[in-house]
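# fold the stuff below for me.
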Amino acid sequence: MTPEIIFQELLGLGQNWVVEQCIHEGSPGKIVIRVKETEHLWDTEKCPKCSGKVSCYDHTEPLRWRHLNCFEHECEIECRLPRGRCKECGHTYRVQPPWEGKSKHFTKEFEAFTLLLAREMPIKKVGDILKETDTRLWRMIIAHVEAAYRQADFSGVTCIGADELSRCRGHHFLTVFADLEKKRVLFATEGRDMSVWARFCEELLRHNAKAEDIRTISIDMSQAYVAGIYINCPNAKKVFDKFHIIAAVNKAVDDVRRTEMRKAGCEAREMLNKSRWLWLKNPTNLTEPETERMGRMDLQNLCTAKAYQMRLTLQDIYAITDPLLAKRKMLAWCRWVLNVARRRATTMYASMVRCVKMIQRHLDGVLAYWDCRVTNGFMEGLNSVFSAVKRKARGYRNPLYLKAILYFVAGKLQIPATH
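Numbering: from 1, shown residues only. Next comes the predicted model:
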């Protein structure tokens with residue numbers, strides 16, 4: 001059996017195409033499979049405009065497509081593609097071969113293998129392995145993502161989350177919208193102002209969904225997001241994400257520690273020295289040496305210890321399941337923090353007081369958590385995943401790449417795209 005017949009079978013070309021020659025060229029070596037059409041092609045080929053009968057008009061210059069390696073040698077398919085002319089409307093076009101992928105430079109099999117690698121490692125590393133430029137690989141990935149994203153169906157989406165994602169250093173952000181029920185990214189767009197909500201609602205219409213159908217939205221306390229929801233999603237209930245609230249209180253605890261380090265006496269400074277991570281952990285997560293150190297501190301008189309207790313109490317409130325009890329506890333927690341700050345007549349708790357004021361201003365959205373029980377945990381997971389990816393890839397050269405990788409990894413799209 002000749003190599004031409006073997007590759008003919010392996011490529012699955014059928015009756016419309018035939019392998020006419022296999023050659024080995026270059027050093028360290030490249031296998032080139034030369035293919036041409038047969039007469040059977042014109043029995044099945046139809047005009048893309050009017051579906052009329054087509055005949056051969058002429059051929060292109062020799063074109064090449066990168067295929068999967070053969071015995072560790074690079075492999076390419078070469079073909080002078082025929083151009084067909086419709087006998088009815090006169091339309092002339094280039095025939096698309098069955099092996100051509102989305103990017104016009106690779107075969108479908110090579111693209112499928114590349115996409116598999118791209119899910120696990122940075123694109124630059126994939127390019128090094130495959131000996132292809134990352135620019136050409138990005139072009140292929142974007143083509144697949146765009147084709148699959150056009151087919152995505154957002155009908156039935158009623159609960160979404162929105163959060164900002166840092167694209168690179170400086171004030172360069174994407175706003176990412178996700179379906180919190182199916183755990184998939186729906187839309188990503190540049191910016192973090194109220195206009196991103198109008199663009200999101202326009203995108204919903206392209207995917208069989210409407211903004212009026214959205215019932216629950218989980219966000220942080222961004223005024224721009226609140227205004228955008230009010231204008232574009234009038235039927236949605238705003239839920240202010242509990243992780244953002246607890247993170248703000250956590251930061252306030254560290255602010256109290258810093259302030260006490262500056263203003264307190266030598267004994268307090270000695271106890272608080274190099275204790276930042278101690279106060280950011282829950283008691284159950286402390287190591288044995290950290291637990292011993294915490295036991296040696298004057299927890300009754302340290303302002304940092306009191307702020308730490310406030311944070312732990314807030315976490316306990318979020319563990320309550322009864323909405324009415326949770327509301328009473330939340331209001332009581334706010335009064336407690338303000339009373340402690342007022343009674344001690346000190347600026348130590350200024351950051352904690354600001355957190356209380358923030359909760360009081362957005363009380364309805366904060367308490368909505370106990371009615372809807374939704375959070376931006378999925379969005380925070382995306383932030384950590386893509387922060388790691390960006391570190392490996394040394395950032396993304398433009399926002400198109402970041403949006404493509406968001407959809408590719410977290411959009412649950414049908415990739416490789418089939419149409």
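# alpha carbons only for contacts and neighbour counts from here, please
Will do.
# ok so residue 331 is a strand residue?
No. Residue 331 is assigned helix when assessed by DSSP: H, G, I helix; E, B strand; the rest coil, not a strand.
# what's the burial count for it?
14 (other C-alpha atoms under 10 Å).
# now do residue 404
Residue 404 is flanked by 21 other residues according to other C-alpha under 10 Å.
# in this structure, which spans are strands?
Assigned by DSSP state E, the strands in the chain fall at 17-25, 30-37, 54-59, 63-70, 73-79, 82-86, 92-94, 159-168, 172-179, 184-190, 216-219, 237-240.
# list the buried ones in the third one?
Put plainly, it is strand 54-59. By 16 or more other C-alpha atoms under 10 Å, the buried positions in strand 54-59 come out as 54, 55.
# circling back to that earlier point, how about the strands of the chain, which one is nearest residue 328?
Relative to residue 328, the nearest member of the strands of the chain by C-alpha to C-alpha is strand 237-240, separated by 17.8 Å.
# contact partners of the closest one?
For strand 237-240, the external contacting residues (C-alpha atoms under 8 Å, 6 or more residues apart in numbering) are 215-221, 226, 365-369, 372, 374-375.
# which among those residues gets closest to residue 72?
residue 375 (48.5 Å).
# leaving out chain neighbours, which residue sits closest to the closest one?
residue 241 (5.2 Å; C-alpha to C-alpha, 6 or more residues apart in numbering).
# shaky segments in the stretch 251-400 of the chain?
Residue ranges of the stretch 251-400 of the chain with pLDDT under 70: 345-346, 388-397.
# distance check, residue 266 against residue 260.
11 Å (C-alpha to C-alpha, to the nearest Å).
# picking that back up, just the buried subset of the contacts of strand 237-240, please.
215-221, 226, 365-369, 372, 374-375.
# so which of these are in helices?
226, 365, 366, 367, 369, 372 (DSSP state H).
# so who does the fifth one touch?
Neighbour list for residue 369: 239, 240, 241, 242, 375 [criterion: C-alpha under 8 Å, 6+ apart].
# repeat for the first one
With contact set as C-alpha under 8 Å, 6+ apart, residue 226 has these partners: 194, 238.
# just the fourth one next, same as before
Applying C-alpha under 8 Å, 6+ apart, we find residue 367 in contact with 239, 323, 326, 327.
# same check on the last one?
With contacts defined as C-alpha under 8 Å, 6+ apart, residue 372 is in contact with 216, 239.
# quick one: it from residue 232, how far?
20 Å.
# also the second one?
Remark: distance between residue 365 and residue 232 (C-alpha to C-alpha) = 17 Å.
# repeat for the third one
Computed with C-alpha to C-alpha, the distance linking residue 366 and residue 232 is 21 Å.
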